[in-house]
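Novice: Please work out how this folds:
(2 chains)
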Amino acid sequence: MQRRHFLKNTMATGAIALAASSGLLVPGSVLAAWNKKAFDAKDVQSALKGAIGTELTEASDKIKIKAPQIAENGAVVPITISSTLSNVKSITILSEKNGTPLIAKFNLKGKSEAFISTRIKMGKTSNIIAVCESGGKFYSARKEVKVTIGGCGG
Amino acid sequence: MAKSSIKIRAKAKNGVVTVKALISHKMETGLRKDKKTGKVIPAHFIEEVVCEHNGAPVLEAEWGVAISKNPYLSFKFKGGKAGDTVKLSWKDNTGKSDSLETKVK
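Specialist: Numbering: from 1, shown residues only, chains lettered A, B, ... in the order given. Below you'll find the model as predicted:
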């Protein structure tokens, strides 16, 4: 049953992706195909543009990034993003100086709280950027993490 | 059935469910080289993670290669209670996928 469900979903997603690209749907409200362009982007601006459709974000102190000041091992940097902004629809995480800055985008559905905790890889000392989407606007916060051993390549 | 790649725990407190999950996956970036052969190890990573609460999606995540090996993910959602089902599924860039369902405690 699961497999069938999955197939059906992928097909539906294809159709929706088409609709989204023709501007019928708001991107982000559907689970589109993996955003290769954004994840392959080599700089923060194009990564942001690919992930959230704009590179302009407003700095906000309502987003909290919890991350170590110094990460001994860049391959495993625990981070927690939380926000007191209301109705946060998505949380996007970037690491400024990674080869490909975009790390992940979390699309929160109705009931989810603005809280994400995960572990990321960082190539070198860099700012972590968290972008929250709230009420059609994008807010961001930064925090520097010093990395002593990089976690990309080797 | 083989052991699932996912470990998941969901706990309800005051109507807010906290989900914690660990996925066992190597999350290969495609940048690393095999030390013996000098060849680049091809990228192999999770692209998509979906979590459902009682069948309705609560979180859809798109991941890049910069999520650590054996990914950890924790998030919260409202309106859940003990006994509800929480299902986590992932799909990687080679088309492999897995999912696991658990009950909220």
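Novice: Count residues in the vicinity of residue B:34, would you?
Specialist: By other C-beta atoms under 10 Å in any protein chain shown, the residues close to residue B:34 number 9. C-beta coordinates here come from the backbone N, C-alpha and C atoms, glycine included.
Novice: measure it to chain A for me?
Specialist: 11 Å (C-beta to the nearest C-beta, to the nearest Å).
Novice: thinking that residue is in contact with residue B:41, fair?
Specialist: Yes. Using C-beta atoms under 8 Å, residue B:34 is in contact with residue B:41, at 5.7 Å.
Novice: Torsion angles phi and psi at residue B:81?
Specialist: phi -140, psi 170 (degrees, to the nearest 10).
Novice: Based on its surroundings, how many neighbours for the closest residue to it other than its chain neighbours?
Specialist: Computed as C-beta to C-beta, 6 or more residues apart in numbering or on different chains, the closest residue to residue B:81 that is not its neighbour in sequence is residue B:12, at 5.4 Å. Neighbour count of residue B:12, defined by other C-beta under 10 Å: 17.
Novice: next one: residue B:51
Specialist: Neighbour tally, residue B:51, other C-beta under 10 Å: 25.
Novice: now residue B:38
Specialist: Residue B:38 - counted by other C-beta under 10 Å - has 7 other residues nearby.
Novice: and it, helix, strand or coil?
Specialist: Judged by DSSP: H, G, I helix; E, B strand; the rest coil, the three-state class of residue B:38 is coil.
Novice: For it, give me the pLDDT.
Specialist: pLDDT for residue B:38: 79.
Novice: show me what contacts it?
Specialist: By C-beta atoms under 8 Å, 6 or more residues apart in numbering or on different chains, the contact set of residue B:38 is empty.
Novice: Okay, it and residue A:146: tell me how far apart.
Specialist: Going from residue B:38 to residue A:146 by C-beta to C-beta, to the nearest Å gives 31 Å.
Novice: Repeat that for residue A:120.
Specialist: Residue A:120 is 15 Å from residue A:146, where distance means C-beta to C-beta.
Novice: Give me the more crowded residue out of the two.
Specialist: Ranked by neighbour count (other C-beta under 10 Å), residue A:120 and residue A:146 place residue A:120 first, with 27 against 14.
Novice: check which helix or strand covers residue A:65.
Specialist: Assigned by DSSP states H and E, residue A:65 belongs to strand A:63-66.
Novice: Quick check: can you name the pairing partners of the helix or strand just after that strand and their directions?
Specialist: Proceeding N to C from strand A:63-66, the next assigned helix or strand is strand A:70-73, under DSSP H and E. Paired neighbours of strand A:70-73 in the sheet (DSSP bridges): strand A:137-149 (parallel).
Novice: residues near residue B:41, how many?
Specialist: Residue B:41 has 14 nearby residues by other C-beta under 10 Å.
Novice: hang on, it packs against residue B:30?
Specialist: Yes. With contacts counted by C-beta under 8 Å, residue B:41 reaches residue B:30, the gap being 7.2 Å.
Novice: Chain B contacts on chain A?
Specialist: Counting by C-beta under 8 Å from any C-beta of the partner chain, chain A comes close to chain B at A:2, A:6, A:31, A:34-35, A:39, A:75-78, A:80, A:95, A:98-100, A:102-113, A:115-122, A:151-154.
Novice: ok, which residues in chain B are in contact with chain A?
Specialist: Checking chain B against chain A by C-beta under 8 Å from any C-beta, the hits are B:16, B:29, B:31-33, B:47-48, B:50, B:53, B:56-69, B:71-80, B:93, B:97, B:99.
Novice: Show me which of these are buried.
Specialist: Neighbour counting over the residues of chain B next to chain A (16 or more other C-beta atoms under 10 Å in any protein chain shown) leaves B:29, B:47-48, B:50, B:53, B:57-69, B:71-73, B:75-77, B:79-80, B:93, B:97, B:99 as the buried ones.
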